[in-house]
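> Got a sequence here, can you build the structure:
(2 chains)
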Amino acid sequence: MKRCLTLVLALAMLLSLSISAAAEEDKSLQDILDKGKLILGLDASFPPMGFVDADTGEIVGFDIDLAKEVCARLGVELVCQPIDWAAKEMELNAHHIDCIWNGMTITPERLENMSISLPYLKNDQVLVTRTADGYKTLSDLAGKKLGIQAGSSANDALDGTAEFKATLGEIIPFEENLTALMDLNQGGLDTVLVDVIVANYYMTVNSYPFTILKESLAPEEYGIGFRKGDAALCKKVNEILLAMREDGTLAKISNDWFGTDITII
Amino acid sequence: MKYIDNPQRLAGLLGQLWQGLGITMSLFAYTLLFSLPLGLLLALARMSWHKPVRWPVQFFILVMRGTPLILQVFTVYFVLPMVFGAAFERLTAVVIAFVMNYSAYFAEIYRGGVEAVPVGQREAAHVLGFTRSQAFMHIILPQVVKRIVLPVSNEVITLVKDTALVTAVGLVELYRVARNAANAVGSIEPLFIAGAVYLIINAVVSFLFNRANEHFGYYQG
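Next comes the predicted model:
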């Protein structure tokens, strides 16, 4: 019995030793190179960053083209793994995915929980309104109903402008930006707070009679999220992105999707 | 209308839905395959005279029916890897969670079926020289089967629709395919097309259970 206990204790010590050793040495980049693939986690319903093409069924998008090029330069295969956006940190920490690369806004909270790449795209949280209502400024929206995607960084932007938030009549959370914009179109909302890139996409595909207010809330930046501590992998991806800036690949991919270069690396 | 008047895009969506249907039907089939028999074992344990057998099962059923299925899926997929070190495949993890959850519901349906058989029949069987297990297999069980067909059909139909929960761990099943398409084209039309697929599946399930119910209705004249 006693011997058994000693054995268990010795094993436990060995285990904790090997765990702490692994924590000290950053093998994140080598691991990716060894397994020959990078698993990219994305909510595949976020056009134009990463989404399922309606005609081909393939996962496409600006972020996907970017990731493909980075993986090609790393010499590994890109694997796109659809995830639930609300569970992204859990997916990352459980090692089910290697990175979150899906128009992810860099927030102080996320910086605390992840290693995040250089900001690569600028984003604004904008207010979409019906053109017919004629709203011009934030103060026109006092007492009005605002729709927002639950769990998105639009919530952070709203919290960051507390004076504006306080003037609103009601804040209504939606599972998806699409349904919020549909509700705006049918008159259930007065405005929707959403990423400018997403707003432009839906206004193009649906030709909604919408106008984006000139005044926007806090500007944001998109980054690629890696596991906290996977610094070697994060650093390597940054280097590749910088090289893509230099040789014009970044500008080319941006032109393909947005008609202009809006990258900020 | 972004699909009805665009046959090429509609065909594309149906192809993607077909792939999603593979996940949906795998989950459906595996869940039934394991939870129907496991539920019977649980029901027997739940009716045991031994408290050390009965109580843990009673507690298991309480937890499985008393917490959200989505949380159970999360637990198997995200928490168990922390405990055991290795992660399950996505589909394996959700099958485990669904089997545990559904076997708890089936166990209580079976128990209801068994307890609906009058005690006098067991006593009569005993007097006629049947052992307890003989009485259960030859007298009780055939009657239980008849009584549980309709309650079980309720669970099975619910199961078809519950499969949509598994998008929470990144499985792209029928409903998720439709949601992805909806977000890409900016219209919720694909959701209704997926809804029609669920309806067709459940029409088949309902038909089969109705047939079974008629088959077992042999004492109803």
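
> List the residues that contact residue B:4.
B:10, B:189 (Cβ atoms under 8 Å, 6 or more residues apart in numbering or on different chains). For every residue, glycine as well, the C-beta is placed using N, CA and C.

> In three-state terms, label it for me.
coil (DSSP: H, G, I helix; E, B strand; the rest coil).

> From residue B:195, how far out is it?
15 Å (Cβ to Cβ, to the nearest Å).

> Please apply the same query to residue A:196.
Distance from residue A:196 to residue B:195, by Cβ to Cβ: 32 Å.

> Could you check which of those two has the larger neighbour count?
residue A:196 (18 against 14; other Cβ atoms under 10 Å in any protein chain shown).

> Which residues of the stretch 101-250 of chain A lie near chain B?
Residues of the stretch 101-250 of chain A found near chain B (Cβ under 8 Å from any Cβ of the partner chain) are A:176, A:177, A:178, A:179, A:181, A:182, A:201, A:202, A:205, A:206.

> Scan those residues and report the most crowded one.
That'd be residue A:177 among these, by other Cβ under 10 Å, with 27 neighbours.

> What values do phi and psi take at that residue?
phi -60, psi -40 (degrees, to the nearest 10).

> unless I'm mixing things up, it is touching residue A:200, no?
No - here residue A:177 does not reach residue A:200: they are 11.8 Å apart, not a contact under Cβ atoms under 8 Å.

> would you list every one of the strands in chain B?
In chain B, no strands are found when defined by DSSP state E.

> Can you pull up the residues of it that come close to chain A?
B:8-9, B:12-13, B:15-16, B:19, B:74, B:77-78, B:81-82, B:87, B:167-170, B:172, B:176-177, B:179-188.

> In ChimeraX, how would I select just the buried ones from these?
To isolate the buried ones among these in ChimeraX, judged by 16 or more other Cβ atoms under 10 Å in any protein chain shown, type:
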select /B:9,12,13,16,74,77,78,81,87,167,168,169,170,172,176,177,179,180,181,182,183,184,185,186,187,188
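
> and the closest residue to residue B:165 other than its chain neighbours, how many neighbours?
Ranked by Cβ to Cβ, 6 or more residues apart in numbering or on different chains and with sequence neighbours excluded, the top spatial neighbour of residue B:165 is residue B:70, at 5.3 Å. Counted with other Cβ under 10 Å, residues neighbouring residue B:70 total 15.

> And residue B:70, how close does it get to residue A:78?
29 Å.

> Likewise for residue A:149?
26 Å.

> My guess is residue B:45 contacts residue B:54. True?
Yes - at 6.7 Å, residue B:45 counts as touching residue B:54 under the criterion of Cβ under 8 Å.

> circling back to that earlier point, so for residue A:149 and residue A:78, which residue has more residues nearby?
residue A:149 (22 against 18).

> ok, now how distant is that one from chain B?
As judged by Cβ to the nearest Cβ, to the nearest Å, residue A:149 and chain B stand 11 Å apart.

> Now for that residue: which residues touch it?
A:173, A:174, A:175, A:176, A:177, A:180, A:194 are the contacts of residue A:149 under Cβ under 8 Å, 6+ apart.

> Swap in 6 Å and give it another go.
Applying Cβ atoms under 6 Å, 6 or more residues apart in numbering or on different chains, we find residue A:149 in contact with A:174, A:177.
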